[in-house]
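# Return a 3D structure for these sequence lines:
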Amino acid sequence: MGWVWLASTQQDHLQAVSYLNKAIALNSKVGYYYRQRAFLYAALKNYSAADNDYHRALKLYHEHSDVYEDLANMYAEMQDDRLYAQTCDLRLSEMQKHLARIEKFGQSKEGRPDSLYQLRELIGYGHLTKALHFIEKRNKPNIGCVDLAKAVAFDVEEAHDLQKKYCK
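Here you go, the predicted structure:
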């Protein structure tokens, strides 16, 4: 963990990557190391290396939604709409499966009403984010309106007005 701390203190991304390389050499079974290095590679515009590390992290993480979010953000930066949409969909699908598990087990520790509300909110805003990417950044309302409708279904307040504005 010392190498990860050293990496986090670096202004120079290449130096931070070298520290994470040392951490990975010592223990290649830690998804966090790969995720952090992927983030640095993406900042350096080395998207191929970042993509490889994000996928290594996915194999090591039990919960994938945060890694999918990072990966989707990288694809958005790369302006790869296909991979961005697929990765967002994977993230949202995983979150919806988690929501279904929580709802199934009712009042279990995970099934507290605040947990359900937070997860529904995250899913709704995930759809809103994807919708706005396609509507505002990529000028593709026909794609964005599908997710905007899903955000409305999850009761995202601002989604109603945005749907009226962009979707006919």
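
# Contact partners for Leu6?
Contacts for Leu6 were tallied using CB atoms under 8 Å, 6 or more residues apart in numbering; they are Tyr19. Glycine gets a C-beta too; all of them are placed from N, C-alpha and C.

# Give me the phi and psi for it.
For Leu6, the backbone dihedrals (degrees, to the nearest 10) come out as phi -60, psi -40.

# All further residue positions should be reported with the first residue as 56.
OK, 56 is where the count begins now, so the last one is Leu61.

# Kindly provide the distance from it to Leu69.
For Leu61, the distance to Leu69 (CB to CB, to the nearest Å) stands at 13 Å.

# and if you look at Asn82?
For Asn82 relative to Leu69 (CB to CB), the value is 22 Å.

# Following the chain onward from the worst-scoring helix or strand of the chain on mean pLDDT, which element is next?
One helix or strand of the chain scores below all others by mean pLDDT, DSSP states H and E: helix 57-63, with a mean of 73. Scanning forward in sequence from helix 57-63 by DSSP states H and E, the next helix or strand is helix 68-81.

# Go through that next one and flag the buried ones.
Buried positions in helix 68-81, judged by neighbour count with 16 or more other CB atoms under 10 Å: 68, 71-72, 74-75, 78-79.

# between those, which is closest to Arg175?
Nearest to Arg175 among these, counting by CB to CB, is Leu75 at 35.1 Å.
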